[in-house]
Structures are given as structure tokens and as C-alpha cells.
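**Q** Coordinates for the following, if possible.
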Amino acid sequence: MDTNMTMARSLAPEDISVGMYVATLHVQLQLLMYRENPAGDDELYTYPVVRRPHETELPRKVVGICLPYVVVRNHDRKTEMLDTRSVRLARVDTQFAKAALKPHMKPREAKSDGKRCKCCRSK
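**A** Model prediction:
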């Protein structure tokens, strides 16, 4: 049995810090719906819906925080702003995040030892 197994940890917005890797745990939406009240009138109310992401996303690195907003960097090095009022984030282990991101990175970025690959040495 593997004793080094880690688990993603759900984060409160105030526990998010720059440099950590995160993944989307669930997304909260609000639907506007009508319901009939006892007086016979229709009443408008909001109905919260919590759902998991349709597709599993790669981990993202937190690069900036100004709650309720969090700026994350994707695997393609583009940044994205998340609103923690509607997105619940989970902390992902750094080793796991790097293993998940490595196949999606360019060969030069994937080298973690700082050495240049053979194709880049001659340049």
C-alpha cells in the first residue's frame, strides 16, 4: 500500500496563498425561478446549484490574490481570474501538480533541473 498518497484539500478563500497549486472542486450557480406562494401570486426566488466541473482541469498555480478574486496561471502560461464566491478551489500537492502538468509543457519548460535540452544547446 502506498503510504505517500495525498488528498486534495478544499480551501477557504482566506487560506489561498500565492505559489500554491489549485484545482476546481465545484462551481456554484444561481438560477432564478418562480414558485407559487399561498396567496396565489408567483414569487421570484434564487435557487443555488452546486456542480462539479464538466471536465477535469489541470492544476493551476496561484499568482495573485485580491479576495474574492484569485489570479491563476494555466498550463499554457496564460492567466485567468477566478471569483471565489462562485468557484470552490482545492489545494493540490505540488509534486502531483508538476506530474500532471509535465506532459503539457514545452520540452524546455518541462526540464526541472535547469539544464537545456539538446535541441536548445546549439542556439
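
**Q** For the residue nearest the centre of the chain, which residues are in contact?
**A** In the chain, the residue lying closest to the centroid (Cα atoms, centre = their mean) is residue 23, at 3.1 Å. Listed by Cβ atoms under 8 Å, 6 or more residues apart in numbering, the contact set of residue 23 reads 8, 57-60, 89-90, 92. Bear in mind the C-beta positions are built from the backbone N, C-alpha and C, glycine included.

**Q** Next, format these as CSV and append pLDDT and secondary structure.
**A** Formatted as CSV, the contacts of residue 23 follow (pLDDT from 0 to 100; DSSP: H, G, I helix; E, B strand; the rest coil):
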residue, pLDDT, secondary structure
8, 80, coil
57, 85, coil
58, 91, coil
59, 94, coil
60, 94, strand
89, 94, strand
90, 93, strand
92, 91, strand
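
**Q** what about burial for those residues, which qualify?
**A** 8, 59-60, 89-90, 92 (16 or more other Cβ atoms under 10 Å).

**Q** Please, which helix or strand holds the residue nearest to the centre of the chain?
**A** Residue 23 belongs to strand 21-36 when elements are defined using DSSP states H and E.

**Q** What pairs with that strand, parallel or antiparallel?
**A** strand 42-51 (antiparallel), strand 60-66 (antiparallel), strand 87-92 (antiparallel) (DSSP bridges).

**Q** Would you mind pulling the contact partners of the shortest one?
**A** With contacts defined as Cβ under 8 Å, 6+ apart, strand 87-92 is touched by 8-11, 15-16, 20-28, 59, 70, 82.
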